[in-house]
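1. Predicted model follows, preceded by the sequence.
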Amino acid sequence: MRKNAISDIINYYANDSNLDQASLEFFGFPLENVDFFKKPEAKILFLEWLVFDFKLVNGKTPIVDFMKNNPLNYSEVDLKIYSELLDNEYGFFSIVSTKPGRVEVESLQQHKSYKVREYSAAKQLLVNQTIICRIAKVGKHYEFISGEIKLIDTKITEQAKEFFRKSTASAKLTPKIVYDVFYNTNNTANDQQYNVDYPMNPKQAEHQAEKSFKECDILPFISVGQVKKWIAETTNEDTTSFPTSIIIGLASYNSREKNLDFLIRAIQDLINYSPHKSLNGKCPFEMRDEVEPNRSSNTPRYITNVIDFKKWVDYAEKAMMANKQGGANLALKNYNNSFKELLLAKTTDREIYCLFANKGATLLVLGNPAGEIFLDMSLQLNPKYDFAVSQLSRLNEGDFDANIKIFLTEKFPNHNKFNDKKFKKMIDKLISEYLENDPGAIYFSWLQKLNIDFSKADFRPTKLITSKVKL
């Protein structure tokens, strides 16, 4: 790109009236009140926004107005650069590969790849890091045309990329938004709303977590101290969803959005100010200016992930609907998918014992004796759960005997040849093999290690739904 191509636009349009209006829109106050010496990034972002996004009195951006009116009487060759610069993308990009002279990036907005000609920044960028900048094709090559390449030392997972694309499909990212998110120290509405002071210390982080747990009625199930033990065992990759996902799952169904936002923020602060064994007992805040001992020098420091930790509910609802319609096999398939999603999201629910009981009852309707195990799992989580108790009573009273007999006869056609002791061993082995790879059993094993007290839940009395199958 021709040297000074963008600065020519800035110099031409940087008169008092334009700058004053632009400053009011960008900063919220006159330009004379902005200390660019203390905020050099603010100046770079402001000027880029001025060129590409600020609307002049005639409704055009400076770069469009400059190209159409050619106030400096450039030749057609020189003026062509500006039409090329107009065809640009500003946003988040993930580093795919880098070598001297070329950086390949993936747009997180458009799922589009660019091979950018670049020499100076290429040496500093790592594969999987994220950058915010503007890219345009100048001549035959793509170039970074931003005054600053904002580096975020974070790997964005595929799930997070997909979420990002959906959430930004109808939105346009601008340097003003980047300024507000990363540099605007006056943008403290949330801090004031929740009385949060930054930087804080570990005790303050615990206090905020305790407060948020109370607001969302989480303390009956877990304590802040318990969560700190979980955090101590996590790695950077773990904390992309855990323990936030598990704690949000325990929040009251009546929690307001404001309280949930505060809860997420408080958990993140607790993670940042709590010791991690993977950091040799230090907390992430202490390590912000250091390199972690186990960190490879060629990988991003952090990982950003997005998981739909309520997707399991969709499968659970499909399972219940299938049971109502007599489709126990379809119900079982959906319960298994529900547990798989719970494992993926590393989340739970304050009434999660219901899911175990529902799957247990479905298995018994299908004649699978493993159903009793899932009813027991439900009662281990909450001994007071009425539906699990009632289904175990039905099992003991022989209500499922006919179903179980058909199931076992199909599995062991010659079972009459074995004595009761031998046959029981065969059934026990069948159940053990079933549970070995069952997503519900695997999830239960994971959940037990967290020591969450689900018995404190005020569950809603169960309306019994009986699934009917042809015997």
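-> Looks like it arrived, so ask away.

2. quick one: contacts for Val227?
-> The contact partners of Val227, taken as CB atoms under 8 Å, 6 or more residues apart in numbering, are Ala209, Pro243, Ile247, Ile267, Leu270. Using the backbone N, CA and C atoms, a C-beta is placed for each residue, glycine as well.

3. Could you do Trp49 as well?
-> Applying CB under 8 Å, 6+ apart, one finds that Trp49 lies in contact with Ala22, Phe26, Thr174, Pro175, Lys176, Tyr179.

4. show me what contacts the first one?
-> Neighbouring residues of Ala22 by CB under 8 Å, 6+ apart: Leu31, Phe46, Trp49, Leu50, Phe54.

5. if we go to 7 Å?
-> Applying CB atoms under 7 Å, 6 or more residues apart in numbering to Ala22 gives the contacts Leu50, Phe54.

6. Please pull up the helix or strand immediately following the one helix or strand it maps to.
-> Assigned by DSSP states H and E, Ala22 belongs to helix 16-26. The element immediately downstream of helix 16-26 (helix or strand, assigned by DSSP H and E) is helix 40-52.

7. ok, which stretches of the stretch 201-350 of the chain are strands?
-> Assignment of strands within the stretch 201-350 of the chain using DSSP state E, counting those that start in this stretch yields the ranges 302-304.

8. what about the helices in it?
-> 202-215, 224-232, 244-250, 257-272, 311-324, 328-345 (DSSP state H, counting those that start in this stretch).

9. Distance to Lys429 and mean pLDDT added to those, as CSV?
-> Shown next, in CSV, are the helices of the stretch 201-350 of the chain (distance: least, CB to CB, whole Å; pLDDT from 0 to 100):
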stretch, distance to Lys429, mean pLDDT
helix 202-215, 44, 94
helix 224-232, 35, 94
helix 244-250, 33, 92
helix 257-272, 43, 90
helix 311-324, 27, 95
helix 328-345, 21, 95
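
10. Out of those helices, which one sits most buried?
-> Neighbour counts (mean count of other CB atoms under 10 Å) averaged over each of the helices of the stretch 201-350 of the chain peak at helix 244-250, with a mean of 22.

11. Show me the contact partners of that one.
-> With contact meaning CB under 7 Å, 6+ apart, helix 244-250 is reached by 218, 221-222, 227, 260, 263-264, 267, 307, 309, 345-350, 450.

12. Determine the angle, from 0 to 180 degrees, between the helix or strand where Asn11 lies and helix 16-26.
-> Per DSSP H and E, Asn11 falls inside helix 5-13. Orientation check (axes from the mean of the first three to the mean of the last three CA atoms, to 10 degrees): helix 5-13 against helix 16-26 gives 110 degrees.

13. Okay, buried residues for helix 5-13 please.
-> For helix 5-13, the neighbour count (16 or more other CB atoms under 10 Å) marks Ala5, Ile6, Asp8, Ile9, Tyr13 as buried.

14. Ok, stretch 25-44 next?
-> Judged by neighbour count using 16+ other CB under 10 Å, the buried positions of stretch 25-44 are Phe26, Phe27, Leu31, Val34, Lys39, Glu41, Ala42, Ile44.

15. and that stretch, average pLDDT?
-> Across stretch 25-44, pLDDT averages out at 85.

16. With stretch 52-63 instead?
-> On average, the pLDDT along stretch 52-63 is 94.

17. ok, and what's touching it?
-> Contacts for stretch 52-63 (CB under 7 Å, 6+ apart): Ile9, Tyr13, Asn18, Ala22, Leu50, Val51, Asp65, Tyr82, Leu85, Leu86, Thr174, Lys176.

18. ok now stretch 93-107, how far from the chain's centre?
-> Chain-centre distance of stretch 93-107: 24 Å, with CA atoms, centre = their mean, to the nearest Å.

19. what do you get for stretch 400-411?
-> Its chain's C-alpha centre lies 44 Å from the corresponding centre of stretch 400-411 when counted by CA atoms, centre = their mean.

20. List the buried residues of that stretch.
-> Buried positions in stretch 400-411, judged by neighbour count with 16+ other CB under 10 Å: Phe400, Asn403, Ile404, Phe407, Leu408.

21. If anything else comes up later, I'll come back, but that's it for now.
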